[in-house]
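In: let's see this in three dimensions:
(chains A and B)
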Amino acid sequence: MSETKHSAKLVITNPQGLHMRPAYLFAETAAKFNSRIEVIKDDIRIDGKSVLSILTLGAGQGTEVDLEVTGPDATDALSALVDLVSSGFPAETEAENT
Amino acid sequence: MKFCNFVKSEAIKVDLVAKDKEAVIRELVGSLTDNGQLKSDEQENIIQAILKREELGSTGIGRGIAVPHTKHPSVNEPVGTIGISQEGVDFQSLDGEKVQLFFMLISPPDRPGDHLRALENISKQLQDDMFCRFLKQSKTADDVKQILEEADNNQFVS
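Out: Numbering: from 1, shown residues only, chains lettered A, B, ... in the order given. Predicted structure coming up:
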């Protein structure tokens, strides 16, 4: 089992930032993987599988965060999460941006 | 954003009578409206917007806590309040637990930063078990106000 750490820099692009719905979508995607998933903003490091923890980042549009994924399915997890964030959370629509 | 900047303490309900999700939302929006924090002709519209948001996925985030919310053009700044149900209400939460503690938030659509900062504060404080336990045990709105003031003064988390 590989314990290699995979990481990526992400910029929050959706205008509403990481509010509750995107935080939920992020945590839901993260929870599909066995790897440990952490999001780092400045000196804060949080569990990427926890909606509440993601909300504590208060990450608005343009915020840069680091994503660190460690575990057996780290490559897939990293790729899924990078896609989700860089696509601006497509499951959200303008009318549903709460 | 501190609690005192968006929680309308006159609208706090420490003994919700509501027994289901829609009734809780109606009771808290009603309390904000009765206290002049929301326009009465927008009341039903706001309730429907919050219910619609719940349909996308419950804001019951687990550990007996829910954050029902919406963005609505009838408010100029984030308007929030707190409800406590002694029995707990089924809110289709992520962990299946009944919800005792409700943080309701209505934010203006054109100020996403304020909405995020209000959510940031709520979520930071909710990570503290003592904060949650004290709130759930509150018997009066004054108890809740005092806990929120302590939270605003960083007495729970920094």
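In: tell me how far residue A:63 lies from chain B.
Out: Distance of residue A:63 to chain B, given as CB to the nearest CB, to the nearest Å: 10 Å. Every C-beta, even on glycine, is put in place using the N, C-alpha and C of the backbone.
In: could you pull up the residues touching that residue?
Out: The contact partners of residue A:63, by CB atoms under 8 Å, 6 or more residues apart in numbering or on different chains, come to A:11, A:12, A:17, A:18, A:41, A:57.
In: excluding its backbone neighbours, what's nearest the fourth one?
Out: So the one you mean is residue A:18. residue A:59 (4.2 Å; CB to CB, 6 or more residues apart in numbering or on different chains).
In: about what we covered before: among the contacts of residue A:63, which are in strands?
Out: A:11, A:41 (DSSP state E).
In: among the contacts of residue A:63, who's most crowded?
Out: Within the contacts of residue A:63, neighbour counts (other CB atoms under 10 Å in any protein chain shown) peak at residue A:18, which reaches 27 neighbours.
In: residue contacts, that residue?
Out: Contacts of residue A:18 by CB under 8 Å, 6+ apart are A:12, A:26, A:54, A:55, A:57, A:58, A:59, A:60, A:63, B:116.
In: the residue nearest to residue A:18 in helix, strand or coil?
Out: Three-state assignment for residue A:59 (DSSP: H, G, I helix; E, B strand; the rest coil): coil.
In: average pLDDT for stretch B:109-120?
Out: For stretch B:109-120, mean pLDDT rounds to 94.
In: is that stretch in proximity to chain A?
Out: Yes: shown here: stretch B:109-120 in contact with chain A (CB under 8 Å from any CB of the partner chain) through B:109, B:112, B:113, B:115, B:116, B:117, B:119, B:120.
In: now the buried members of those.
Out: By neighbour count, with 16 or more other CB atoms under 10 Å in any protein chain shown, those hold B:112, B:115, B:116, B:117, B:119, B:120 as buried.
In: what's the closest non-adjacent residue to the fifth one?
Out: Put plainly, it is residue B:119. Nearest one to residue B:119, counting by CB to CB, 6+ apart, is residue A:55 at 5.0 Å.
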